[in-house]
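Student: here is a sequence together with a model predicted from it:
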Amino acid sequence: LFALSGFSQSLSKPEEQISFAKEDKSLEYYVAQANIWWNELQKDLKNEKSWYNYYRANRNAQGTANWSTDFIERGPNLMLGEDIVKIMGEHIPDAFTYNFVRGSTAAVYPGEGKFLLKAYRMNPDFPGILSDVATYATSTSNLTLRQEANKKWFNKREFPISLMNHAYNTLQSVANNGILLTQHDNDTYPVWMLQDARNIRTDIQVINIDFLLFDGYRDTVFKQLNIPPFL
């Protein structure tokens, strides 16, 4: 009964939202929280806290729904990230939250990088920003920025030690000056972090398959490996 009561309250009261990758909540919960935070926003459209939690609840809902865009049909106040950014820009265009959300929503697109970097200068310790900065730095082949972000990220000790051990063992299994293909977050970021923050196996070129979908990253990697570009 206590568990049911707690769940019922979470569907009626605003709660701080964190990445769905770090907690186990249902799609129903995130949909409810998005609607609740939208109602909070109507009280003050310049409230950064409400904007961030509304955005995060929507993103968590979409992620829990396997990134389907149809998740917006589950509630009256659900939106895609890019649509939230447009409305947010009308009310808090100079705020950290707007710049962070706009920059992180499209961190792999260089054109949006200026917003992420502005947010990074404003609040470099904001939870989650370092992963986005590392992503942007990789997509733009800015190794100096990636190293800076990964050193700070490493010091936060956010990854489980088991995952870092796996990354270390993976790097050690690659031949000298070899190439390591990775995919998705947990395969990639700990490996880059060990290279950038601890100088472990920096002779290896780590190539993320997901990033190869983006022209700038793919063109740079292909040039480094003397692979003809796609026509």
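Tutor: Received, thanks. These numbers were taken from a predicted model, which means no experiment stands behind them.
Student: and stretch 51-58, what's its mean pLDDT?
Tutor: Taken as a whole, stretch 51-58 carries a mean pLDDT of 97.
Student: need the longest helix for this structure.
Tutor: Longest helix of the chain, by residue count under DSSP state H: helix 48-64.
Student: for the chain, which spans come out with low pLDDT?
Tutor: 1-11, 106-110, 231 (pLDDT under 70).
Student: tell me the secondary structure at the nearest residue to residue 218 once chain neighbours are set aside.
Tutor: Counting by C-beta to C-beta, 6 or more residues apart in numbering, residue 212 is the residue found nearest to residue 218 once chain neighbours are left out, at 4.8 Å. Backbone N, C-alpha and C define where each C-beta goes, glycine included. Under DSSP: H, G, I helix; E, B strand; the rest coil, residue 212 falls in the helix class.
Student: neighbouring contacts of the helix or strand where residue 28 lies?
Tutor: If you go by DSSP states H and E, residue 28 is part of helix 27-41. For helix 27-41, contacts defined as C-beta atoms under 8 Å, 6 or more residues apart in numbering pick out 7, 10-15, 17, 20, 47, 50-51, 53-54, 57-58, 60-61, 64-65, 71, 74-78.
Student: likewise stretch 217-231?
Tutor: 108, 138, 139, 141, 179, 205, 207, 211, 212.
Student: most neighbours among those residues, please name it.
Tutor: Scoring the contacts of stretch 217-231 on neighbours with other C-beta atoms under 10 Å, the highest-scoring entry is residue 138 at 25 neighbours.
Student: distance-wise, check that residue relative to residue 12.
Tutor: 41 Å (C-beta to C-beta, to the nearest Å).
Student: with just CA atoms, put the longest helix of the chain into CSV.
Tutor: C-alpha atoms of helix 48-64 as CSV (Å, rounded to 0.1, in the frame of the first residue of the first chain):
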residue,chain,number,x,y,z
GLU,A,48,14.6,27.7,-15.7
LYS,A,49,14.0,24.9,-13.2
SER,A,50,10.6,24.2,-14.6
TRP,A,51,11.8,24.3,-18.2
TYR,A,52,14.7,21.9,-17.6
ASN,A,53,12.5,19.4,-15.8
TYR,A,54,9.8,19.6,-18.4
TYR,A,55,12.4,19.0,-21.1
ARG,A,56,14.0,16.2,-19.2
ALA,A,57,10.7,14.4,-18.5
ASN,A,58,9.8,14.6,-22.2
ARG,A,59,13.2,13.2,-23.2
ASN,A,60,13.0,10.5,-20.6
ALA,A,61,9.5,9.6,-22.0
GLN,A,62,10.8,9.4,-25.5
GLY,A,63,13.8,7.3,-24.5
THR,A,64,11.6,4.9,-22.5
